[in-house]
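Chemist: Give me the fold of what follows.
(chains A and B)
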Amino acid sequence: MTDGKSFVEIRHAQKSFGKLEVLKDISLSVDRGQIVGIIGSSGSGKSTLLRAINDLDPLTGGEVWLDGVRVNQTLPHRAYEKHINQMRQQVGMVFQHFNLFPHMTARENVSMAPIMLKGISKDEANALAEAQLDHVGMLERIDYYPSQLSGGQKQRVAIARALAMQPKLMLFDEATSALDPELVEEVNQVMRKLAEQHMTMIIVTHEMDFAASVCDRVLFMDQGVVVEEGPPEILFKTPSQPRTREFLRKHLESAK
Amino acid sequence: MGLDFTVIPKYFDIILLGCAYTIGITVAAAILSFFGGIVFAVIALYAPWIIRQPFRMVAWMFMGTPLLLQLFLIYFGLVQVGIDLPAVVAGIIGLGLHFAVYNSELIQTAILSVDKGQMEAARTLGLSRSEALRKVVIPQAVRAVIPPISNNMIALLKDSALVSVIGVSELTLSAQRAIGATYRPFEFYLLAAAFYYVINLGMEWVQRRIERRISISR
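Modeler: Below you'll find the model as predicted:
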């Protein structure tokens, strides 16, 4: 099963909750190393699309492919669980509300999954946690609990936790939306660093400036469809669709 | 005739032995009720229907009938089907399962109130549902219910006196035996009460230590 051409390929994604259709026939491909931003108002389906990629919100129709393997296969329950756990190990995800494990230190948050799933030794796990937390500038707080960290620090630990599984793809679901304005930049810096290292990333965001500066391509979603997509310099400066213009205008006003 | 505590030293050994039984039974039953409570909670929430339904009946039996009856059932009843348990073991199992059902109710509520983002984050890393429950959800749920579980454990200590009915010489029965020999009920019941008080203090001390350890790790 390797007929998926792009690294990440979504074909005719469709998702409904009862009668409400939140994703209407969306197709998207992302190449290895590409950084794709998804913008749109809340309720546009952008988070649902992102969460469909690792099957956190399963699609009701359509296909998701990662590196030539179909993610949302139809399999018997047990086989599917095994398959999806394998797939999810390859996809890191960062949440708006961090979702750090409050009963574990930063070190334990980062090393728990590799210990459980990759069977590494305690020394290797410690070295891994140190390296990953150093990478996000959190080595000094390695033995702190989440409650002892600021929002920006928590999110950096959450990024380190995702990276510790050495994912092929990183998904960011409004990673800076819950942060105080002065803490946004430290998280953005970590994401920029990842971009420089050519990590493939799909970023759902409300921050247009950040999207414009790191993304290779930006999608604007509204009411379950991709209204417009293109390189940020075109999408943000000369959008062709009225709905895109309207969204960007409103966003600019509310930002003032 | 007034109080005469000079009769106590002669029977102090018996009382102490009874005290040891009470502590041993309470600790063993408390441990059983704690881990049993976690297992019951997971069954009640996640087991398939075919396991969950019979389990509910058993849980109802432990919550809806007197502990005294349950102890009789385990000690005298099970003999008829060929399970002949020593009285102490029957007592520990009866007390342990009885309180496991109560602890399970607390733990179920706590599991359900753990933020669902915790399960999502664990699943996203590639953990299976049972791995996520074991490493992420249940440890948080258990931390949240330590204070109410501790209350249950105090109740367990007091109810441990009931195992005297199946012939275990725990603290209350030992006091009664001493009274039988001396006809000094007030002195020995007061002494037993004092011992229960001291055991209570010990349990509160353990609870505080556990809570302190947990509060650091939050």
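
Chemist: Tell me which residues of the helix or strand hosting A:Ala79 come out buried.
Modeler: Using DSSP states H and E, A:Ala79 sits within helix A:77-89. Using 16 or more other C-beta atoms under 10 Å in any protein chain shown as the test for burial, helix A:77-89 gives A:His83, A:Ile84, A:Asn85, A:Met87, A:Arg88, A:Gln89. Any C-beta I mention is one placed from the backbone N, CA and C, and that applies to glycine too.

Chemist: repeat for stretch A:248-256
Modeler: Quick answer for stretch A:248-256 (16+ other C-beta under 10 Å): A:Leu248.

Chemist: residues in contact with it?
Modeler: Stretch A:248-256 is contacted by residues A:His206, A:Met208, A:Phe236, A:Pro239 when judged by C-beta atoms under 8 Å, 6 or more residues apart in numbering or on different chains.

Chemist: Can you tell me the number of residues neighbouring the spatially closest residue to A:Leu23 that is not a sequence neighbour?
Modeler: Spatial nearest neighbour of A:Leu23, excluding adjacent residues (C-beta to C-beta, 6 or more residues apart in numbering or on different chains): A:Lys15 at 4.0 Å. Neighbours of A:Lys15 under the rule other C-beta atoms under 10 Å in any protein chain shown: 22.

Chemist: helix/strand/coil for A:Lys15?
Modeler: Going by DSSP: H, G, I helix; E, B strand; the rest coil, the secondary structure assigned to A:Lys15 is strand.

Chemist: List the contacts of it.
Modeler: A:Lys15 touches A:Glu21, A:Val22, A:Leu23, A:Gly45, A:Thr48, A:Ala52, A:Asp57, A:Leu59, A:Thr60, A:Gly61, A:Gly224, counting by C-beta under 8 Å, 6+ apart.

Chemist: gap between the residue in the stretch 151-256 of chain A positioned nearest to chain B and B:Gln80?
Modeler: Going by C-beta to the nearest C-beta, chain B is nearest to A:Met165 of the stretch 151-256 of chain A, at 6.0 Å. For A:Met165, the distance to B:Gln80 (C-beta to C-beta, to the nearest Å) stands at 56 Å.

Chemist: got the residues of chain B near chain A?
Modeler: B:115, B:117-118, B:120-129, B:131, B:135-136, B:139-140, B:143, B:217-218 (C-beta under 8 Å from any C-beta of the partner chain).

Chemist: Now which of those residues would you call buried?
Modeler: Buried among the residues of chain B next to chain A (16+ other C-beta under 10 Å): B:118, B:120-128, B:131, B:135-136, B:139-140, B:143.

Chemist: okay, among these, which ones form the most distant pair?
Modeler: The span of these, defined through C-beta to C-beta, is set by B:Gly126 and B:Arg143 at 24.4 Å.

Chemist: So which of the residues of chain B next to chain A are in strands?
Modeler: Using DSSP state E, no member of the residues of chain B next to chain A falls in strands.

Chemist: Please, where are all the helices along the chain?
Modeler: In the absence of a named chain, chain A is used. For chain A, the helices defined by DSSP state H occupy A:46-53, A:77-89, A:106-118, A:122-135, A:151-163, A:181-196, A:208-214, A:232-237, A:242-255.

Chemist: not what I meant, chain B
Modeler: B:8-46, B:49-64, B:67-72, B:87-113, B:116-125, B:129-132, B:138-144, B:146-159, B:171-182, B:185-216.
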